[in-house]
Structure formats: structure tokens, C-alpha cells
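J.: return atomic coordinates for the entry below.
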Amino acid sequence: MSNTTMTYKDYLDQAQSEISALNPNGYYETYKKYEFGYWQYIPNWIFRYCQNNNVKNTLDVGVAYGTLALFTKLISSCDLYGVDFVKYISDDLVKKYDIKYQINNIEIEQFPWDIKFDVILFTEIMEHLNYNILPTLLKIKSLLSKNGKIFLSTPDAFFWGKCNEYKNWQDMPDISKIIEIKDQHIYQFGETELLEIFKTVGLKFDKIMWADGFNGMKHFNIQLSKG
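T.: Numbering: from 1, shown residues only. Down below sits the predicted model:
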């Protein structure tokens, strides 16, 4: 349970300050000025969820520098797990907060831990997936506890376009195919596509908002639960 005298913005400021002090990747000082614009509604949603539920563990898929992961831990004192395809997080941060951290490609590699999670963070990752999204979302759903929540952000293709790799998400390759793995935006989704995808995998929209982004380029902010 969180300290009722602190707001979610207080915890977010604390998380960013902690990361800045613990030898982060050099780009973090620039990135932290922009990251709120990607997921501006999600911290308050996490804060409210943690106030009303016993959050024992949190998984951040694509943890990057760790802002939302640490934010969730500061609120709930949960055990924190993180996976990433490329390492950005500070070793000092991992050590101080006993973060269980692994380099892992969530799309094609076996998940490192046999555990269910009360909170799963999946922010600014969907657009980087190299394969058809359905198997990855089914895997993430399988990691969610009965009453757990997924907090997700991704660029809205209405503002951003879809990128140039594929005409639609169904054209993306199956995970059985051997392809060159690229660390870039591969496909950006529209609202109708997301509704179709989440219905297909059995995930239910709890909330959806549009983060402001920058220069009018908005991002989906979505809270999901098991359907």
C-alpha cells in the first residue's frame, strides 16, 4: 500500500531522481524529459490499482531505464522483475532494488521465471515487435495473475503512420520463421486493430486514453485485464 500523503506524481519524481543518481545510460537525462508524454495516464492508473490491491510482483517487459518499474515498486514494495532485448538499465539500480533482470527476447525465447505477475508493464514495446503480435500477447497474458493488470502504451498509427515494413499486422511473420531481428519501430497499430487483437487473445480493455506525445503525435495508453 502506498503512503497516502504522497501523490503519484511524487512517486514518479522520486523514481526519476533515483534513476538519475544511480549511473544510468547517458541518454536517460534526455529521455526522462520525454517519457511522460508517451504514457502520461498510466502512472495514475498504476497508483490507484496499487492502493486498492496487494501487488506482490511486477514484470516490466522492455524495462529500458526502469522508470515505471521503479515507480511501481516504490508504491507497492513489490518484487520487481524486468526483461529487455537490449540492456539500458543501470547495474546500480538493479542491485539497490534487487531487481530480477534478464536479457530476454520475449517474442522467441523461453521466459526466465515460472511466476504470475500482478502488474505487467508493456510500454513502448509493441511497435518494436518483429513477429506477429498474437503469440507474444498470449505469452504475456499467461504470465498475468487472475486479477492482474497489463499497462500498455504504443504510438497511435492514425498520427504516426504504420511504418514501411508491412501493410497490416497480419502480414508480420510467424515466430517459427528465421528473420533478421531489428531494434526499431517495425509496425504501428491503429485503434481498430488493437480492439481486434486484444479480443482475439482474450484481453479486456479496462481503460484507454491518448497520451499527448509531442507535436500532436499521440500514443495509446491502455489498461488490460483477462477477458
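J.: thinking T200 is in contact with L134, fair?
T.: Yes. If you go by CB atoms under 8 Å, T200 and L134 touch, sitting 6.5 Å apart. Any C-beta I mention is one placed from the backbone N, CA and C, and that applies to glycine too.
J.: pick out whichever of those two has more residues nearby.
T.: Under the criterion of other CB atoms under 10 Å, the comparison of T200 against L134 puts L134 first, with 16 against 12.
J.: and that one, what does it touch?
T.: Going by CB atoms under 8 Å, 6 or more residues apart in numbering, L134 touches I197, T200, V201.
J.: make sure it is indeed in a strand.
T.: No. Judged by DSSP: H, G, I helix; E, B strand; the rest coil, L134 forms no part of a strand; its state is helix.
J.: quick one: pLDDT of it?
T.: On pLDDT, L134 comes in at 98.
J.: distance of it relative to N168?
T.: According to CB to CB, to the nearest Å, L134 and N168 sit 13 Å apart.
J.: quick check, F151 in a strand?
T.: Yes. Assigned with three-state DSSP, F151 falls within a strand.
J.: all helices for the chain, in order.
T.: With DSSP state H as the criterion, the chain has helices at 8-21, 28-31, 35-38, 42-52, 67-76, 91-96, 133-142, 157-160, 191-201.
J.: redo the ones you listed as CSV? Include distance to K207.
T.: CSV is the format used below for the helices of the chain (distance: least, CB to CB, whole Å):
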stretch, distance to K207
helix 8-21, 15
helix 28-31, 25
helix 35-38, 16
helix 42-52, 6
helix 67-76, 16
helix 91-96, 29
helix 133-142, 17
helix 157-160, 19
helix 191-201, 13
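J.: out of these, which is the most enclosed?
T.: A comparison of the helices of the chain by mean neighbour count, using mean count of other CB atoms under 10 Å, puts helix 67-76 on top with a mean of 25.
J.: got any ranges where this structure has weak pLDDT?
T.: In the predicted model of the chain, residues 1-4 satisfy pLDDT under 70.
J.: can you mark which positions in stretch 97-105 are buried?
T.: Y97, I99, Y101, N104 (16 or more other CB atoms under 10 Å).
J.: in strands only, show me these.
T.: Y101 (DSSP state E).
J.: thinking again about what came up before, now tabulate the contacts of L134 in CSV and tack on distance to S176.
T.: Shown next, in CSV, are those (distance: CB to CB, whole Å):
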residue, distance to S176
I197, 19
T200, 19
V201, 18
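J.: just the closest of the residues you listed to L224, please.
T.: V201 (9.6 Å; CB to CB).
J.: hmm, K141 and the closest one touching each other?
T.: Yes. When contacts are counted by CB under 8 Å, V201 is listed as touching K141 (5.9 Å).
J.: returning to that earlier point: tabulate the buried residues of stretch 97-105 (JSON lines), appending distance to F158.
T.: Formatted as JSON lines, those follow (distance: CB to CB, whole Å):
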{"residue": "Y97", "distance to F158": "37"}
{"residue": "I99", "distance to F158": "35"}
{"residue": "Y101", "distance to F158": "35"}
{"residue": "N104", "distance to F158": "31"}
